[in-house]
Each structure stands twice: as structure tokens, then as C-alpha cells.
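**Q** Here is a sequence together with a model predicted from it:
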Amino acid sequence: GEKRPSRVRADVTVNLSVRNEIKAEWENLRKHDVCFLITVRPTSSIGTKFDHRAPFVPQVGLTFVRGCEIEGMLDQNGRVIEEGPEPKPALPGEKRTFRVWLDCNQYRLDMDNANQGKEVGHYLL
């Protein structure tokens, strides 16, 4: 039998208290867009200057990268806002939640590693 799940769905919430043009980019994500979920654990203290001559990843503390596919942005009731000719509804506040599909094979590997006590990033189950 299959050892991996047939589908892995997640809800990802982001805080968009950023400039309007950045917020608009997030809000314009569409069904089937591909995004990356990253885990960053900074190794340097706040205020440390970035050294452009040194390797990037160790400086920022990037530890995990996972891909996902957007299913859609959720409304206030937790339902996917369907895409169509009408404009998306204006949502209050700064938080937006996106329903995404994760890679089933990678999820299975991550869960196997988690069961062995290894670090796998952030899956809140």
C-alpha cells in the first residue's frame, strides 16, 4: 500500500502589516500559484550587518524550504474565495490565510523524520 498521504492540505496565515504594494502582491496570489514556505532561524543578533561576500544561507539561518500550491485565500468564515469576474471582497485587518497543497512525498519524509526525533521545520497539526 501507499505510505504517503494522497493529499496534504494546510492553512497558512501571514501578517500583512506591510506597504500597500506588498500587501497587494500577497492578496493577488491565485489558484495554482506556487510558493515556498521557509523556516529561518537567525544565527546572528539583531542589527548584525549582512556580509555580501559571505555565503547567504548561513547568515540568514535558512533551515528548511518547502514548496506549496495555492488553492485560494480564505474569507472570514474559513471558506476559499472563489476566483471569478467579480472583485475579491475587501477583508478587514492585516492577517490573511491561504489554503495550500503541500508535497505529499516531502510531507511523508518530514513526518518520518519527526517520528525519529529529527527537526523538520514547522507543521502545526
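**A** Received the coordinates, thanks. For clarity, every value in this text was computed on a predicted model and none was experimentally measured. Residues are numbered from 1 along each chain as shown.
**Q** I'd like to know which elements the biggest helix by length in the chain is packed against.
**A** In the chain, with assignment by DSSP state H, the single longest helix is helix 104-115. Under the contact definition 3 or more C-beta pairs under 8 Å, 6 or more residues apart in numbering; DSSP states H and E, helix 104-115 sits against strand 62-73. C-beta here means a position set from N, CA and C on the backbone, and glycine is covered the same way.
**Q** Neighbouring strands of the strand it packs on in the sheet, and parallel or not?
**A** strand 34-40 (antiparallel), strand 95-102 (antiparallel) (DSSP bridges).
**Q** Using the three-state scheme, assign Glu83.
**A** Under DSSP: H, G, I helix; E, B strand; the rest coil, Glu83 falls in the coil class.
**Q** For it, give me its contacts.
**A** 30-31, 72 (C-beta atoms under 8 Å, 6 or more residues apart in numbering).
**Q** Now those residues in CSV, please, with extra columns for distance to Ser6.
**A** Shown next, in CSV, are those (distance: C-beta to C-beta, whole Å):
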residue, distance to Ser6
Arg30, 24
Lys31, 19
Gly72, 20
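**Q** top of those by neighbour count?
**A** Among those, Gly72 has the most neighbours (other C-beta atoms under 10 Å), with 20 neighbours.
**Q** Isn't that residue up against Lys88?
**A** No: counting by C-beta atoms under 8 Å, Gly72 does not reach Lys88; the two are 9.9 Å apart.
**Q** shared neighbours of those two, anything?
**A** Ile81.
**Q** coming back round to it: just want the angle from the longest helix of the chain to strand 95-102.
**A** 100 degrees (axes from the mean of the first three to the mean of the last three C-alpha atoms, to 10 degrees).
**Q** Pull the residues that contact helix 104-115.
**A** Helix 104-115 is contacted by residues 3-8, 66-67, 119-121, 123 when judged by C-beta under 8 Å, 6+ apart.
**Q** same thing but at 6 Å, please
**A** Helix 104-115 has contacts (C-beta atoms under 6 Å, 6 or more residues apart in numbering) with 4-5, 8, 120.
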